[in-house]
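In: coords below, sequence missing:
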């Protein structure tokens with residue numbers, strides 16, 4: 001039929017492949033990545049904070065960030081489905097138009113999230129900045145005796161029996177800059193706010209959309225601040241993480257998605273009142 005839109009399998013497979021090209025390096029760095037071996041000063045008080053549990057654990061961060069956007073996109077695309085929608089044909093089957101739109105908007109969101117996370121991880125492993133609780137977790141052997149001012153130690157051995165055999169914890173103490181919690185939460189929540197701003201059209205309440213946007217961004221700021229109060233990051237790590245997440249969210253929504261696409265111009269020219277009068281007069285003459 002003329003209104004049918006055929007979605008090729010090759011297109012979907014290419015989208016999945018490109019998303020994996022950005023996503024798999026994140027897993028590779030998590031499992032096998034090695035951070036830059038940065039040294040420290042024994043009298044650096046910014047590295048001597050206690051080790052605390054995270055107020056916002058990683059699993060909660062990812063579930064909330066991805067889940068909230070998924071629910072919003074699912075409800076919005078379903079409720080905004082057009083009445084005279086085109087037929088979407090995929091693998092010989094007809095699927096609703098809103099499901100294809102959901103595939104497009106969520107795919108762009110997931111791609112942006114992967115870009116944000118990969119950029120954060122590349123910076124983390126390249127810089128290798130020590131966390132504020134470094135000394136409490138490591139207890140380096142070079143600082144047990146008298147502290148020599150301005151002496152920079154690059155070669156040391158961690159002696160804390162509580163964490164010395166925990167490879168993940170010992171690896172994490174070198175991944176302070178930038179804050180992954182800050183960048184991911186800001187990306188997901190700011191993108192959520194932008195998406196609602198462009199796609200939510202419910203007129204039941206003027207303030208509902210803006211309230212949801214405010215609470216989303218506020219939750220991101222709360223998450224970022226807990227990284228400072230939990231001594232997981234320095235304040236500059238958190239600031240750079242927030243800026244990185246916001247930048248990726250803006251670029252993704254503006255350049256990758258069609259949220260800001262201009263509507264197609266009408267094929268009918270809008271006539272001025274004088275032109276409309278002349279047109280009516282001409283019609284009466286010809287009749």
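Out: Received it, and whenever you're ready, just let me know what you need. Computed from a predicted model, the values in this text were never measured in an experiment.
In: what about residue 111, which helix or strand?
Out: helix 97-127 (DSSP states H and E).
In: And that helix, what does it pack against?
Out: helix 9-32, helix 58-79, strand 87-90, helix 180-199, helix 235-251 (3 or more C-beta pairs under 8 Å, 6 or more residues apart in numbering; DSSP states H and E). In short, each C-beta sits where N, CA and C put it, glycine included.
In: Looking at these, which one is packed in the most?
Out: Comparing the helices and strands packed on helix 97-127 by mean neighbour count (mean count of other C-beta atoms under 10 Å), helix 180-199 ranks first with a mean of 24.
In: Quick one: mean pLDDT over that helix.
Out: Here helix 180-199 scores 96 as its mean pLDDT.
In: which is the next helix or strand following that helix?
Out: Next in sequence after helix 180-199, counting helices and strands by DSSP H and E, comes helix 208-229.
In: Now do that following helix and helix 180-199, the angle between them.
Out: Per axes from the mean of the first three to the mean of the last three C-alpha atoms, to 10 degrees, the angle that helix 208-229 makes with helix 180-199 is 170 degrees.
In: Of all the helices and strands in this protein, which has the lowest average confidence?
Out: Using mean pLDDT, DSSP states H and E, helix 273-286 stands out as the lowest-scoring helix or strand of the chain, at a mean of 45.
In: Could you verify my assumption that residue 139 touches residue 160?
Out: Yes. Between residue 139 and residue 160 there is a contact at 4.1 Å, judged by C-beta atoms under 8 Å.
In: before we move on, back to that, if you count neighbours, what's buried in the helix holding residue 111?
Out: Burial within helix 97-127, assessed by neighbour count using 16 or more other C-beta atoms under 10 Å, is assigned to 97-98, 100-103, 105-121, 123-125, 127.
In: What is the next helix or strand after it packed up against?
Out: Downstream of helix 97-127, the first helix or strand assigned by DSSP H and E is helix 134-138. Helices and strands touching helix 134-138, by 3+ C-beta pairs under 8 Å, 6+ apart, are helix 167-172.
In: Show me which positions of the helix it packs on end up buried.
Out: Within helix 167-172, the residues that count as buried by 16+ other C-beta under 10 Å are 169, 172.
In: For it, name the packing helices and strands.
Out: If contacts are counted by 3+ C-beta pairs under 8 Å, 6+ apart, helix 167-172 sits against helix 134-138.
In: how far is the helix it packs on from where the chain is centred?
Out: 30 Å (C-alpha atoms, centre = their mean, to the nearest Å).
In: Check the model's average confidence along that helix for me.
Out: Here the average pLDDT along helix 134-138 is 95.
In: can you check stretch 97-117 too?
Out: 94.
In: and if you look at stretch 261-270?
Out: 47.
In: Repeat that for stretch 31-50.
Out: On average, the pLDDT along stretch 31-50 is 94.
In: what about it, distance to the chain center?
Out: Chain-centre distance of stretch 31-50: 27 Å, with C-alpha atoms, centre = their mean.
In: End to end on it, go ahead and measure it.
Out: 26 Å (C-alpha to C-alpha, to the nearest Å).
In: Residues in contact with that stretch: which ones?
Out: Stretch 31-50 is contacted from outside by 121, 124-136, 140, 142-143, 147-156, 171, 174-175, 231, 234, using C-beta atoms under 8 Å, 6 or more residues apart in numbering.
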